[in-house]
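Q: all I have is the shape, not the residue letters:
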Ligand SMILES: Nc1nc2c(ncn2[C@@H]2O[C@H](COP(=O)(O)OP(=O)(O)OP(=O)(O)O)[C@@H](O)[C@H]2O)c(=O)[nH]1
Ligand SMILES: [Mg+2]
């Protein structure tokens, strides 16, 4: 029975539950199929959406009501979170649209610098020059429209300071307190005056000259402390910045628990809000035509500048002249606006400063001067001092030259003067002694006539003779008189007077006879002269020489030439006694 | 830099301003200038090697009729409740204040100052009152006048603010 019963049983079962069984299998397969297709769908869904979206808008249309519903439900349930999410995206988009339709005119400090050649610019430059305040500071003082002095980034809920920016040297010491106060004020105003706390809130308030502009984001607010009058457009900049902060630090803001380190990176964003705007672009008092004023002021300024420059140059030139003058040492020279001032040392033996100034074209009275006397060792001044000490010569103008500390006297000078120089013991500063070897003593003025007469008066002889005739004897006596006068005139001055008697002959005869004849003639005159001078006090020293025809006196006429050469003529030699106080014999 | 917002809460005249003055400036005055609105001060304390700036919001005390400024409490990281041991009602009202403040700021770390302990002769609390206070936890007996307990209280709160779990 076991072998046959199994197929039969299956047959029986098919008869009994066959139909149900088939349907069961069908259902089973269907269930399996459904699950598979959901899995497949999940895998394919994104692809499918992309494909369908590319085909037509059917999918979007189908989904729209559901998505809209979801969003509105989400907004209804958690409005804050939704607003937070779209805030960084939406803000810029809205504002961009507004910005494109609005033209802005905002001056910058750079433009102020460019436009500085205006009447105001000039007056500010003048003020800056007068007060020593930097030009930029003067401009800000007068032309400031507004300047943002502080920017705070404040965590909205706690009022804690997240970041802060300020221009250099405008730091606020208690920024974190200010930040707290700010929030407190905002809360207070919100509590007291506004029913809708979350909307807008306090946007600007004033404290003295300062205005605080507040721009809020969902998590943080930005407060700018402004001096002056900031335009509405500045609020827009704050808006952009606070949006930027939210966009850049979403998680740091959401999870803020008091640690401000992440917000150090927000510093540059805040610094962008520090602006200074000046009104130098728009003219004040709009209807005034500045051009003639500018031109006029410019001309006046030009003239003043030219005059000033010229007077400065002139003064500089005068100071240079002073410096170049021996015996003047300029210690300090300063130019004032109208008067000049010079101080220094001046050697009285040199040129006076006033003379030098006048020569340089500067009226000395216009220069405040202060000169201390001093002794200069400049050679020219040493010489000048020596010359003053030595006094004038009566005849001749010897050159005085300093060689080392020795004063050289060169050229003709009257003998008594030279004798005094030779005897001198005290010398002015810079001179140790004197050298007279290059000096030529000449007769002093009082004796010049006598000397001239003596030299001009010749003793004439007959041809071939050395005998003194009457005329010759008279000439000797005349010569003696002059010689005595000269010797007497110089007797007390330490000058030795010498007379040289030079004998000559005419051109006839041999040289040797002429030579001895000329010496004979000189000797004859000497003896006669000695006789004439004897017993008459001071007498010159006589020397003789016979030159024959070697040093003829010239005369165009041959007869006259012969006559004047048959003669003895007188020459005067003066010499200074070497020993101080020495006297001629 | 870590900053924490801490609010001083209590009935008027309990010594909130005096406690802050004592803690921040080590000063005390007998004169009473009732606070209007809020007064903000700050002090840097060191908790286990890190500097923490406590930004102290000293709120105007409430009198029985009006409530404390809830908006000032928003975002507070910690709260200091102040009662005056010489005025029993100021201590009794602490429970009410705790409720209001928690609603505004959430369950943040807090301490309670039982202030003016130097005025023992005017003490107005019963043993039961005191034990009820102790049950709140974080109770400090302070005197803004002598400085007793003041620093310890602020430092304890600062510690809990930096590591909240320890004191919550
Ligand atoms: N003896 C003593 N006096 C205190 C103490 N604390 C405060 N006071 C005095 O109590 C008065 C009130 O103190 P405040 O600190 O102004 O009180 P407050 O809580 O700030 O008051 P409101 O600002 O009005 O809410 C002042 O006269 C203080 O001198 C204390 O610990 N001991
Ligand atoms: Mg107070």
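A: Nice, thanks for sending it over. Since we're looking at a predicted model, the values are computed, not measured. Ligands and ions are numbered 1, 2, ... in the order given.

Q: switch to C-alpha atoms for all contacts and neighbour counts from now on
A: OK.

Q: all the helices of the stretch 1-150 of chain A, in order from the start?
A: A:2-55, A:58-77, A:79-101, A:109-114, A:119-131, A:135-143 (DSSP state H, counting those that start in this stretch).

Q: which of these has the lowest mean pLDDT?
A: Lowest mean pLDDT within these: helix A:109-114, at a mean of 44.

Q: for the stretch 401-550 of chain A, which residue gets nearest to ligand 2?
A: When scored by CA to the ion, the stretch 401-550 of chain A has residue A:429 as its residue closest to ligand 2, at 91.7 Å.

Q: helices along chain B, start to end?
A: Ranges of helices within chain B are B:16-25, B:70-73, B:88-92, B:94-105, B:127-136, B:150-162, based on DSSP state H.

Q: reformat those as JSON lines; add distance to chain A, mean neighbour count and mean pLDDT.
A: Formatted as JSON lines, these follow (distance: least, CA to the nearest CA, whole Å; neighbours: other CA atoms under 10 Å in any protein chain shown; pLDDT from 0 to 100):
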{"stretch": "helix B:16-25", "distance to chain A": "13", "mean neighbour count": "22", "mean pLDDT": "95"}
{"stretch": "helix B:70-73", "distance to chain A": "6", "mean neighbour count": "22", "mean pLDDT": "82"}
{"stretch": "helix B:88-92", "distance to chain A": "25", "mean neighbour count": "19", "mean pLDDT": "91"}
{"stretch": "helix B:94-105", "distance to chain A": "10", "mean neighbour count": "16", "mean pLDDT": "89"}
{"stretch": "helix B:127-136", "distance to chain A": "25", "mean neighbour count": "12", "mean pLDDT": "87"}
{"stretch": "helix B:150-162", "distance to chain A": "9", "mean neighbour count": "20", "mean pLDDT": "94"}
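
Q: nearest to ligand 2, of those helices?
A: helix B:16-25 (4.0 Å).

Q: the closest one close to ligand 2?
A: Yes: Helix B:16-25 is in contact with ligand 2 by CA under 5 Å from the ion, via residue B:17.

Q: that helix packs against which elements?
A: Applying 3 or more CA pairs under 8 Å, 6 or more residues apart in numbering or on different chains; DSSP states H and E, one finds that helix B:16-25 contacts strand B:2-10, strand B:38-47, strand B:50-59, helix B:150-162.

Q: the lengthiest strand in chain A packs against which elements?
A: Assignment by DSSP state E gives strand A:144-155 as the longest strand of chain A. Under the contact criterion of 3+ CA pairs under 8 Å, 6+ apart, strand A:144-155 touches strand A:161-165, helix A:175-193, strand A:220-228, helix A:267-271, strand A:276-278.

Q: returning to what we had before: let's have the helices and strands packed on helix B:16-25 in a markdown table, adding distance to residue A:364.
A: Output for the helices and strands packed on helix B:16-25, formatted as a markdown table (distance: least, CA to CA, whole Å):
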| stretch | distance to residue A:364 |
| --- | --- |
| strand B:2-10 | 76 |
| strand B:38-47 | 72 |
| strand B:50-59 | 74 |
| helix B:150-162 | 81 |
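
Q: show me which residues of chain A are close to chain B?
A: With CA under 8 Å from any CA of the partner chain as the criterion, chain A meets chain B at residues A:157-160, A:176-177, A:180-181, A:184, A:187-188, A:191, A:257-261.

Q: for those, which PyMOL command selects only the ones that are buried?
A: Those of those that count as buried under 16 or more other CA atoms under 10 Å in any protein chain shown are selected in PyMOL with:
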select buried, chain A and resi 157+158+159+160+176+177+180+181+184+187+188+191+257+258+259+260
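
Q: pairing partners for the longest strand of chain A, with directions?
A: According to DSSP bridges, strand A:144-155 forms sheet pairs with strand A:161-165 (antiparallel), strand A:220-228 (antiparallel), strand A:276-278 (antiparallel).

Q: can you list those strands in TSV and add mean pLDDT, distance to residue B:131 and mean neighbour count?
A: Formatted as TSV, these follow (pLDDT from 0 to 100; distance: least, CA to CA, whole Å; neighbours: other CA atoms under 10 Å in any protein chain shown):
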stretch	mean pLDDT	distance to residue B:131	mean neighbour count
strand A:161-165	88	40	25
strand A:220-228	86	42	24
strand A:276-278	75	62	21
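
Q: for those strands, which one sits closest to ligand 2?
A: So among the strands paired with strand A:144-155, strand A:161-165 is nearest, using CA to the ion, at 23.4 Å.

Q: so where does residue A:242 fall, helix or strand?
A: In the assignment (DSSP states H and E), residue A:242 maps to helix A:232-248.

Q: next secondary structure after that helix?
A: Counting by DSSP H and E, the next helix or strand C-terminal to helix A:232-248 is helix A:250-254.

Q: make TSV out of the helices and strands packed on helix B:16-25 and add distance to ligand 1.
A: As requested, these are exported to TSV (distance: least, CA to the nearest ligand atom, whole Å):
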stretch	distance to ligand 1
strand B:2-10	7
strand B:38-47	9
strand B:50-59	7
helix B:150-162	9
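
Q: ok, and for stretch A:262-269, which residues are buried?
A: Neighbour-count burial for stretch A:262-269 [16+ other CA under 10 Å]: A:263, A:266, A:267, A:269.

Q: which one of the residues you listed sits closest to chain B?
A: residue A:263 (10.2 Å; CA to the nearest CA).

Q: my guess is that closest one meets residue A:165, correct?
A: No: using CA atoms under 8 Å, residue A:263 makes no contact with residue A:165, being 11.9 Å away.

Q: if we can go back for a sec, what's the farthest-apart pair in the buried residues of stretch A:262-269?
A: Across the buried residues of stretch A:262-269, the longest distance by CA to CA is 10.4 Å; it joins A:263 and A:269.

Q: so in that sheet, which strands flank the one helix or strand residue A:369 maps to, and in what orientation?
A: Per DSSP H and E: residue A:369 is located in strand A:367-373. Note on strand A:367-373: by DSSP bridges, its sheet partners are strand A:340-346 (parallel).

Q: any idea how far the residue in chain B sticking out farthest from the centre is from residue A:260?
A: The C-alpha centroid of chain B is most remote from residue B:49, which lies 24.3 Å away (CA atoms, centre = their mean). Separation of residue B:49 from residue A:260 (CA to CA, to the nearest Å): 17 Å.

Q: so what touches the strand holding residue A:369?
A: Contacts with strand A:367-373, where a contact means CA atoms under 8 Å, 6 or more residues apart in numbering or on different chains, come from A:339, A:340, A:341, A:342, A:343, A:344, A:345, A:346, A:347, A:348.

Q: what residues sit buried inside it?
A: Neighbour-count burial for strand A:367-373, counted by 16+ other CA under 10 Å, picks out A:367, A:371.

Q: swap in stretch A:514-522?
A: A:514, A:515, A:516, A:517, A:518, A:519, A:520, A:521, A:522.

Q: so where does the last one fall, helix or strand?
A: For residue A:522, the host element (DSSP H and E) is helix A:511-533.

Q: any idea how far that helix is from the middle of the chain?
A: 85 Å (CA atoms, centre = their mean, to the nearest Å).

Q: who are the packing partners of that helix?
A: helix A:470-490, strand A:495-503, strand A:541-546, strand A:567-576.

Q: any chance of these in JSON lines, plus mean neighbour count, distance to ligand 2 and mean pLDDT?
A: Shown next, in JSON lines, are those (neighbours: other CA atoms under 10 Å in any protein chain shown; distance: least, CA to the ion, whole Å; pLDDT from 0 to 100):
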{"stretch": "helix A:470-490", "mean neighbour count": "19", "distance to ligand 2": "121", "mean pLDDT": "90"}
{"stretch": "strand A:495-503", "mean neighbour count": "24", "distance to ligand 2": "119", "mean pLDDT": "91"}
{"stretch": "strand A:541-546", "mean neighbour count": "19", "distance to ligand 2": "130", "mean pLDDT": "92"}
{"stretch": "strand A:567-576", "mean neighbour count": "23", "distance to ligand 2": "117", "mean pLDDT": "91"}
